[in-house]
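Enquirer: structure for the following, please:
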Amino acid sequence: MKKAQGMSLKVVIVAAIALIVLVVLVLIFSGRMGKVTKGTSETSKQYDANKCAIPGTGRQCMDKSSCESQGGSWDNRGGEGYSDCYGTGCCSM
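Expert: Here you go, the predicted structure:
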């Protein structure tokens, strides 16, 4: 009987890594890497630590008494406030 012949798993993994490196090099040398970096930095700005209302976190801007009456935990960053709360604090539910 003949043994089955084919590409080994190592060859497939090396080829995949080489393809990823090739794509990154093309992005760098074509000048499009700057666009990728700009896009990721714009996306990350909306999740800044100075913001309270980040989707999926259960946090929202409100005053302290309203927050505590609903059973939430209120914070105003030690008096510095959150950039998206405009004078109120951040309530974590």
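Enquirer: from here on, just use CA atoms for contacts and neighbour counts.
Expert: Fine.
Enquirer: quick check: longest helix of the chain.
Expert: helix 9-30 (DSSP state H).
Enquirer: distance check, residue 37 against residue 27.
Expert: 11 Å (Cα to Cα, to the nearest Å).
Enquirer: repeat that for residue 63.
Expert: 47 Å.
Enquirer: and the strands in the chain, which stretches?
Expert: Taking DSSP state E, the strands of the chain run over residues 59-62, 73-75, 89-92.
Enquirer: for the second one, packing partners?
Expert: Strand 73-75 is packed against helix 64-69, strand 89-92, with contacts defined by 3 or more Cα pairs under 8 Å, 6 or more residues apart in numbering; DSSP states H and E.
Enquirer: please redo it, this time with the cut-off set to 6 Å
Expert: strand 89-92 (3 or more Cα pairs under 6 Å, 6 or more residues apart in numbering; DSSP states H and E).
Enquirer: any weak-confidence spans in the protein?
Expert: The model of the chain has pLDDT under 70 over residues 1-6, 32-34, 36, 44-46.
Enquirer: domain map for it?
Expert: Domain assignment for the chain, taken from automatic domain parsing, gives 1-45, 48-93.
Enquirer: span of the last one from start to end?
Expert: For domain 48-93, the first-to-last residue distance is 19 Å (Cα to Cα).
Enquirer: swap in stretch 54-66?
Expert: End residues of stretch 54-66 are separated by 19 Å (Cα to Cα).
Enquirer: can you give the distance of that stretch from its chain's centre?
Expert: Taking Cα atoms, centre = their mean, to the nearest Å, one finds stretch 54-66 lying 20 Å from the centre of the chain it belongs to.
Enquirer: residues of it that come out buried?
Expert: Across stretch 54-66, burial judged by 16 or more other Cα atoms under 10 Å covers 59-64.
Enquirer: CSV for the residues you listed, including distance to residue 18?
Expert: Compiled in CSV, these are given as follows (distance: Cα to Cα, whole Å):
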residue, distance to residue 18
59, 43
60, 45
61, 47
62, 51
63, 54
64, 55
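Enquirer: quick revisit: which of the domains of the chain sits most buried?
Expert: domain 48-93 (a mean of 16; mean count of other Cα atoms under 10 Å).
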